[in-house]
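Colleague: Show me the folded form of this:
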Amino acid sequence: MKLLLTGCTGFIGRELIPLLIKEGHNLTVISRKAKEKLRIKANDSNLRIIQMNPAKSSEWEGEAIQSSLKGCEGVINLAGEPIAEKRWTEDHCKEITSSRLETTKNLIQNLQNLNKSPKVLINASAIGFYGSHSQTEFTEENIPGNDYLANLCKEWESIATEKPRATRLLIIRIGIVLGKDGGALGKMLPIFKAGLGGPIGDGKQWMSWIHRTDLCNLINESLRNSSWSGVINGVAPNPVRMSEFAYTLGKELGRPSLLAVPGPILKLILGDGARVVLEGQNVQSKRFEKLKFKFIFPTINDAFKGILN
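Modeller: Predicted coordinates:
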């Protein structure tokens, strides 16, 4: 299948792109970075990089992207500035928003203009859709929350639904993605290895996570299985509280995990962005059993063993 990918050159893309090429797909990847600066190892004959900013509508007029769109059979849209890595200044919030909404608007508009629509669009969203709550368990059936991230996800998903009628749409509300070389765990590992790790905040907040390999397999299966559509929560079946997450990680590394990171300190570093780490939500999926999707890493112990060994 000829695929167009956005937002797939970072942490998730480093595993997703080689997997899709191994499956026999031909990829065109939109990236704001030059090909030489990307940390992607894949067969060049099946991979084309188009350097452009997909949030700018004028850049979609280029010959390279228009040519790729015309032959496109499937689209994977994971575009979005990382949420919890910087302070939520006014400028950064604008980047968080535009990198998702403007990119998706431009993508959908260009898909609508095609004579032949792609068969499938896989569009990212996030479990932030549900808002944060320490007691409630959320599934695909819950309504959105009403904070900044929930409203962002709601609008992001709404734009994606404007896709061409003939295009199958699957929206994956992605949880905390775990892998050794990036994401939340990539930042935590050096601290824990030094024996300085511990729970963040009071440790009671939920961590609804997914191993990167399982997420990539989920995206791949979404491409292959034409019966899959609608919304899926991209989370492992066993969320944990932050205290268990930190304890299990420390135990797997053979290091103590007693030094909690106080919430006020994290707020000083990340501002409002600290809410993503300090609040959390217990998110489950009601769809995986019916879809018969099998997790390689269903528990946090499985995930840490797979990542660290």
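
Colleague: Do you have the helices of the stretch 51-200 of the chain handy? List them.
Modeller: For the stretch 51-200 of the chain, applying DSSP state H, counting those that start in this stretch gives helices covering 63-70, 90-112, 148-160, 183-193.

Colleague: His92 touches Lys86, doesn't it?
Modeller: Yes - using CB atoms under 8 Å, His92 makes contact with Lys86 at a distance of 5.2 Å. For glycine as for every other residue, the C-beta is placed from the backbone atoms N, C-alpha and C.

Colleague: that older thread, can you list the helices of the stretch 51-200 of the chain in JSON lines and add mean neighbour count?
Modeller: Shown next, in JSON lines, are the helices of the stretch 51-200 of the chain (neighbours: other CB atoms under 10 Å):
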{"stretch": "helix 63-70", "mean neighbour count": "14"}
{"stretch": "helix 90-112", "mean neighbour count": "18"}
{"stretch": "helix 148-160", "mean neighbour count": "19"}
{"stretch": "helix 183-193", "mean neighbour count": "17"}
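
Colleague: okay if I get those as JSON lines plus distance to Lys119 and mean pLDDT?
Modeller: Shown next, in JSON lines, are the helices of the stretch 51-200 of the chain (distance: least, CB to CB, whole Å; pLDDT from 0 to 100):
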{"stretch": "helix 63-70", "distance to Lys119": "14", "mean pLDDT": "96"}
{"stretch": "helix 90-112", "distance to Lys119": "11", "mean pLDDT": "95"}
{"stretch": "helix 148-160", "distance to Lys119": "15", "mean pLDDT": "96"}
{"stretch": "helix 183-193", "distance to Lys119": "30", "mean pLDDT": "83"}
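
Colleague: Relative to Thr167, which of these is closest?
Modeller: helix 90-112 (6.8 Å; CB to CB).

Colleague: Let me know how buried the closest residue to Phe297 other than its chain neighbours is, in neighbour terms.
Modeller: Closest residue to Phe297 apart from its sequence neighbours, by CB to CB, 6 or more residues apart in numbering: His211 at 3.9 Å. Using other CB atoms under 10 Å, His211 has 23 other residues around it.

Colleague: what stretches of the protein score poorly on pLDDT?
Modeller: 35-39, 41-43, 265-274 (pLDDT under 70).

Colleague: in it, which spans are strands?
Modeller: Along the chain, counting by DSSP state E, strands occupy 2-6, 26-31, 47-51, 74-77, 120-126, 133-138, 168-174, 176-179, 182, 206-207, 209-211, 230-234, 240-241, 281-283.

Colleague: from what I can see Leu107 touches Asn77, true?
Modeller: Yes - counting by CB under 8 Å, Leu107 does reach Asn77; the two are 5.9 Å apart.

Colleague: shared neighbours, these two?
Modeller: Thr6 (CB atoms under 8 Å, 6 or more residues apart in numbering).

Colleague: Now do the phi/psi pair for Pro82.
Modeller: phi -50, psi 140 (degrees, to the nearest 10).

Colleague: residue boundaries of the helices in the stretch 201-309 of the chain?
Modeller: Counting by DSSP H, counting those that start in this stretch, the helices of the stretch 201-309 of the chain are 212-224, 242-253, 263-270, 275-278, 288-291, 300-308.

Colleague: how many degrees apart are the first one and strand 2-6 in direction?
Modeller: Yep, that's helix 212-224 we're talking about. 130 degrees (axes from the mean of the first three to the mean of the last three CA atoms, to 10 degrees).

Colleague: Likewise for the last one?
Modeller: With the same axes, to 10 degrees applied, the angle from helix 300-308 to strand 2-6 works out at 100 degrees.

Colleague: Quick one: list the elements packing against helix 300-308.
Modeller: strand 176-179, strand 209-211, helix 242-253 (3 or more CB pairs under 8 Å, 6 or more residues apart in numbering; DSSP states H and E).

Colleague: Perfect, I'm done here.
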